[in-house]
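Chemist: next input, structure requested:
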Amino acid sequence: MSKKYIVTLLLIFFSALVFSQVKVSGIVLDEDNNPVPFANIVFKGSTTGTVSQEDGTFYLESDKTYKELVVSFLGFETKTIPLKARNFDLRIVLSEGNTLKEVVVYSGRQKKKGNPAIAILRKIWAKKRQNGVYLYPQYEYDKYEKIEFDLNNIDEKFKKNRIFRGMEFIFDKVDTSRITGKPYLPIFINEAVYKTYGKNRPSKRLREELVANKNSGFDSNQELIEFIKQLYVDYNIYDNYLKFFDKSFTSPLSRTGVSVYNYVLTDSAFIDNKWCYNILFYPRRKSELTFKGDFWVNDTTFAVKQIEMDATRSANINWVKEIHIEQEFNVLNDSVFLLKRDHMMSDFAFRKKDKSKGVYGRRTTLFDNYEFEKEHEDKFYAARVDAYKEEIFNRPDDFWKENRMEKLNDDEAGIYKMLDTLKTVRRFKQLYNIGTILASGYWEVFEGFDYGPIFSSFGNNDVEGTRVRIGGRTYFNQNDPWRIQAFMAYGFKDQKVKYGIGGKWMIDKKNRIIISGGNRRDVEQTGVSLTTANDVLNRSFASAAFFTRGENFRLTNLNLTNVAIDIEPVRNLNFRLGATYKTLRAAAPDLFDLTYTDLDGNTQSEVRQSEVDFAVNYTPGKKNAGFGVERGISNEGRYPILYLSYTRGLKDVLNSDFEYDKLQFYYRHRILMGGFGKLRYTLEAGKTFGTVPLSLLDVVPGNQTPFLADRTYDLLDFYEFVTDEYAALHLEHNFNGRILSRLPLLRKLNLREIVSFKAVVGGLSEENRTMSNFFNVQDADGNLPAGAPTKPYYEYSLGVDNIFKLLRIDFVFRGNYLDLPGATKFAVKGGFGFYF
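Modeler: Model (predicted):
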């Protein structure tokens, strides 16, 4: 065979590769050179298309060969563009004229009557609960999930950055996104295979078993993996609201969609031998949590066959420049459409400018092997599923070749090899260690020992002055079955050393039976929480705050010893039995009076107390990461918490002073309210039975710091109210910018309005009041402490969140008890947070 012939074959082969893929990018403009947002762009003769961005730009790609592009929008003539070998940076100018002749379209403020797209939506609403797996009493299926992260907008300047010295080989894997057309570099991949079981009648039940898991570079870091998974929670396009990044986006299929979307019936065609309508949708207003895109819906079942949508770039969400969603459904029979493929891509970036660099996060989920005949009893769904068996994370390559529902492309397969190589590069190790320190607060000194928390190394209060702390923990990996922690601190004002040591050991992995114990001698601000637990090494935020309103001298010298046993027989249901011995006395007795009069009439300055306690902690829906004695939580703040405890004070045990009983109740939950934001509320109640001194009573938590603090009252001083029975309520509603996004001058700032209300009511028996000298000592003006808020105390605030994407400012007002000596009537409080 001649060389010329071989060269000819190679040319034909590579030409086929090049021209079998069509890539198009550009901008859609009107005749005045203004961008045309939300224009419909499709390859002629196909259902492959996209919708232009708010600035008129677009990118479209297909593996098939198409020769023409069709561009249309309301009020403009449809334009057909011939495609060439290169189709980048096209400028497509639309002329005003007639809209599509085949269908009737509407623009502007739409009415429910007369628009065929909305008539089709009504059919979808009527039948949405009759589609998919919800048609059957029970179901099961196999699921394959692939999560990937990629650096994007890679250019030559970026490649030459000093941070990548010694790691230049990674750029050999740069590719182009089929959705945005931007170059990207794959850096992480996680694959998982699941078996899912569900039950619809008589009550809904779900069980999901992790069969296999594989990832690049983070095999032992389940906390990171679980966090990444939580970024991409499951959703149902038929729901009124779709929850992404803790935000409620209005679904284009929502019953409330007509108030936030415009809908246009643009086309009709056969898809998999089913006649379908194509409906385009785009938002009516900027800055709202909405999408643009289109979907194909069957003309008889009114089930969605395909949908593609993108979050509008002006949507009030931080750090996310793009959200792209695709779903495809299989036709099981004439009336059942089952989800086949779900793809979601997010572009995480500090800025939303087109050329700003960021990270793509992509989740692809495929479904197969649906079955609807097998029945399972309720105990099957209630049984604990062990997701951390060693074999799950060590499946052989042959298993993955057989069970992947979608073959990895060359870039994805190369991530595993690239990360293995990167882990041997010193520069990468340094960067990884810095990231670990910032995320965990601990610095690995050597294998098995971490120094930290580094953010607790310095503090200040009126008793200790400047406080320096050193500490650490044992840490081999996050699944350690045991852990020991210790610290030592020194106050330069009181010139005293404090210390603490604690340990815990999991003796039964299945039921998570953990024994723990420890001792701490420290200075503590005990008046910052109503619901308390005897956690040896847990120190309150106000004990060493650098900045406080007024004086912070009402501190306690605490010597606490505790042993406990925990068991979790049912997932997220924990039982704890503990025993405690503690001594408490004023850290500054000349300023803070903790003395009391005992039954013999003698004045005592120290409380010695033995206790036993039993607590129940139920956290349904909590997502734990790992299986060690300490586990991470990947969905912090997104699940309800129910806590009940009973404490029995034991007199004369180890010279203990008092006998009493204490009950405590705590409940916290968060409710996503669709387009109206989210409501978070907390309920607390408790009662102490018996006569006890101040240090054993329940202090209404004040907050003298300039920062917002959870479950405290921002305008109360420490020990301003003290109770032996109480009920407390905390309400906070974040509107997610629903109001401010409609004000033209504030819309671009993406601010979010917050309102809150807090109240507490309580009582204090005469016996408890007269026992402690604190309540009987007058201040300089001759006033006695207020005691308990027998009439409900309340305060409220108006706040603005998401200032520069990080800051929050609240304006707090006191509702009553305005005449108390030194009462703070108004304050401005601040907060920091990483908000989506």
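Chemist: nearest residue to Asn703 in space, please, no chain neighbours.
Modeler: Spatial nearest neighbour of Asn703, chain neighbours left out: Thr712 (4.0 Å); criterion: C-beta to C-beta, 6 or more residues apart in numbering. Just so you know, the C-beta spots here come from the backbone N, C-alpha and C atoms, and that holds for glycine as well.
Chemist: and the one you found, how many residues sit next to it?
Modeler: Per other C-beta atoms under 10 Å, the neighbour tally for Thr712 reads 23.
Chemist: so it sits against Val528, correct?
Modeler: Yes. Using C-beta atoms under 8 Å, Thr712 makes contact with Val528 at a distance of 6.1 Å.
Chemist: tell me, what's touching those two both at once?
Modeler: Residues touching both Thr712 and Val528 (C-beta atoms under 8 Å, 6 or more residues apart in numbering) are Pro701, Gly702, Asn703.
Chemist: between the residues you listed, which is nearest Gln495?
Modeler: Gly702 (27.9 Å; C-beta to C-beta).
Chemist: quick check: the closest one vs Arg549, distance?
Modeler: Distance, Gly702 to Arg549, using C-beta to C-beta, to the nearest Å: 9 Å.
Chemist: which one of those two is surrounded by more residues?
Modeler: Set Gly702 next to Arg549 and count neighbours by other C-beta under 10 Å: Gly702 wins out with 25 against 16.
Chemist: run a quick neighbour tally on the closest residue to the more buried one other than its chain neighbours.
Modeler: In this structure, Gly702 finds its nearest non-sequential neighbour in Leu716, 3.7 Å apart by C-beta to C-beta, 6+ apart. Neighbours of Leu716 under the rule other C-beta under 10 Å: 26.
Chemist: now swap in Asp397 and tell me
Modeler: That count, for Asp397 with other C-beta under 10 Å as the rule, works out to 8.
Chemist: and the pLDDT for it?
Modeler: For Asp397, the model assigns a pLDDT of 87.
Chemist: ok, back up a step: residue contacts, the residue nearest to Asn703?
Modeler: Residues near Thr712 by C-beta under 8 Å, 6+ apart: Val528, Ser529, Pro701, Gly702, Asn703.
Chemist: reformat the residues you listed as a markdown table; add pLDDT and secondary structure.
Modeler: A markdown table is the format used below for those (pLDDT from 0 to 100; DSSP: H, G, I helix; E, B strand; the rest coil):
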| residue | pLDDT | secondary structure |
| --- | --- | --- |
| Val528 | 80 | coil |
| Ser529 | 82 | coil |
| Pro701 | 92 | coil |
| Gly702 | 90 | strand |
| Asn703 | 90 | coil |
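Chemist: Phe188: which of the residues you listed is nearest?
Modeler: Nearest to Phe188 among the contacts of Thr712 is Ser529, at 38.7 Å by C-beta to C-beta.
Chemist: give the helix, strand or coil label for the nearest residue to Leu431 once chain neighbours are set aside.
Modeler: Sequence neighbours aside, Ile163 is the residue nearest to Leu431 in space, at 7.3 Å (criterion: C-beta to C-beta, 6+ apart). Counting by DSSP: H, G, I helix; E, B strand; the rest coil, the backbone at Ile163 sits in helix.
Chemist: separation between Ile163 and Asp781?
Modeler: 62 Å.
Chemist: one more: Tyr793?
Modeler: In this view, Tyr793 and Asp781 are 21 Å apart by C-beta to C-beta.
Chemist: of those two, who's got more company?
Modeler: In terms of neighbours (other C-beta under 10 Å), Tyr793 is the more surrounded of Tyr793 and Asp781; the figures are 25 against 7.
Chemist: tell me the contacts of the more buried one?
Modeler: Val700, Tyr713, Leu716, Phe721, Ala759, Val760, Val761, Gly815, Asn816, Tyr817.
Chemist: pull out the buried members of these.
Modeler: Buried subset of the contacts of Tyr793 (neighbour count, 16 or more other C-beta atoms under 10 Å): Val700, Tyr713, Leu716, Phe721, Ala759, Val760, Val761, Tyr817.
Chemist: the closest residue to Glu725 other than its chain neighbours: helix or strand, and which one exactly?
Modeler: In space, and not counting its chain neighbours, Glu725 is closest to Lys687: 4.2 Å by C-beta to C-beta, 6+ apart. Per DSSP states H and E, Lys687 falls inside strand 678-689.
Chemist: parallel or antiparallel, list what pairs with that strand.
Modeler: Its sheet considered, strand 678-689 pairs with strand 660-672 (antiparallel), strand 725-734 (antiparallel) by DSSP bridges.
Chemist: now tabulate those strands in a markdown table and tack on mean pLDDT and distance to Lys417.
Modeler: Formatted as a markdown table, these follow (pLDDT from 0 to 100; distance: least, C-beta to C-beta, whole Å):
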| stretch | mean pLDDT | distance to Lys417 |
| --- | --- | --- |
| strand 660-672 | 94 | 41 |
| strand 725-734 | 96 | 44 |
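Chemist: can you redo the ones you listed as CSV with distance to Gly472?
Modeler: Shown next, in CSV, are these (distance: least, C-beta to C-beta, whole Å):
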stretch, distance to Gly472
strand 660-672, 31
strand 725-734, 35
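Chemist: of these, flag the one that's most buried.
Modeler: Across these, averaging neighbours per residue (mean count of other C-beta atoms under 10 Å) puts strand 725-734 on top, at a mean of 20.
Chemist: quick one: the helix or strand following that strand to strand 725-734, angle?
Modeler: Using DSSP H and E, the next helix or strand after strand 725-734 towards the C-terminus is strand 752-763. On the basis of axes from the mean of the first three to the mean of the last three C-alpha atoms, to 10 degrees, strand 752-763 is oriented at 170 degrees to strand 725-734.
Chemist: any idea how far strand 752-763 is from the chain center?
Modeler: 24 Å (C-alpha atoms, centre = their mean, to the nearest Å).
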